[in-house]
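Chemist: Give me the fold of what follows.
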Amino acid sequence: MTVDFDELWHVGVVVGDLESAMDQLARSFGHEWSTVLEREVAVHLVGGEAGSEQSSRVRWTASRGGPPQWEVIEAESGLWSVEANPGGGLHHLAYWSDDLAGDSAELQAEGYRLEAWGDDEHGATRFIYLLGPNGLRIEIGAAETRPAWEEWTSGGDYGIRF
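Modeler: As a prediction, this is how the structure comes out:
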């Protein structure tokens with residue numbers, strides 16, 4: 001497995017009001033934030049209708065500094081919405097992967113359930129969500145996208161489009 005579970009990339013949290021959460025987390029923890037991204041993001045879902053796609057308007061930011069970083073997410077509907085995550089709060093723990101397909105298969109063999117994945121504008125899978133036997137969701141992100149993430153969380157643009 002290429003995932004290093006000792007190296008937490010970020011903690012994803014779902015909130016109802018992005019700006020309010022950013023202000024509160026900045027006051028409480030001293031976080032500074034990358035630019036807010038707002039995009040229509042599609043994910044492929046597993047379960048229900050196998051292979052179905054869900055799209056939602058998502059706004060998110062990430063803390064600068066770390067690791068780990070905080071990814072704060074506000075969505076109108078779907079996977080990242082407060083409605084889909086009652087009470088908001090912790091959504092996922094994220095780790096980098098050099099082999100998304102292989103690492104996903106190994107985690108599934110260990111009892112994790114594939115939940116969803118997202119492709120970039122060119123159709124390359126960039127992240128995968130898996131649910132653990134205890135209900136904890138993890139994200140494994142394509143390590144080749146790490147430079148784009150680091151550029152964004154250093155104050156630049158996020159060059160990957162979903």
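Chemist: host element of the residue lying farthest from the centre of the chain?
Modeler: When distances to the mean C-alpha position of the chain are computed (CA atoms, centre = their mean), the maximum falls on Arg27, with 23.3 Å. Taking DSSP states H and E as the criterion, Arg27 maps to helix 18-29.
Chemist: what is the rounded mean pLDDT of that helix?
Modeler: Averaging pLDDT along helix 18-29 gives 96.
Chemist: Each with direction, which strands does the helix or strand just after it pair with?
Modeler: Once helix 18-29 ends, the next helix or strand along the chain (criterion: DSSP H and E) is strand 37-45. Taking DSSP bridges as the criterion, strand 37-45 sits next to strand 52-62 (antiparallel), strand 113-119 (antiparallel) in its sheet.
Chemist: of those, which approaches Val36 most closely?
Modeler: Closest approach to Val36 among those is made by strand 52-62 (4.9 Å; CB to CB). In this view, the C-beta of every residue, glycine as well, is placed from N, C-alpha and C.
Chemist: Strands of the protein, start to end?
Modeler: 10-14, 37-45, 52-62, 69-75, 89-97, 113-119, 125-131, 137-142 (DSSP state E).
Chemist: Next, the angle strand 125-131 makes with the second one.
Modeler: In this case it means strand 37-45. Angle of strand 37-45 versus strand 125-131, following axes from the mean of the first three to the mean of the last three CA atoms, to 10 degrees, is 60 degrees.
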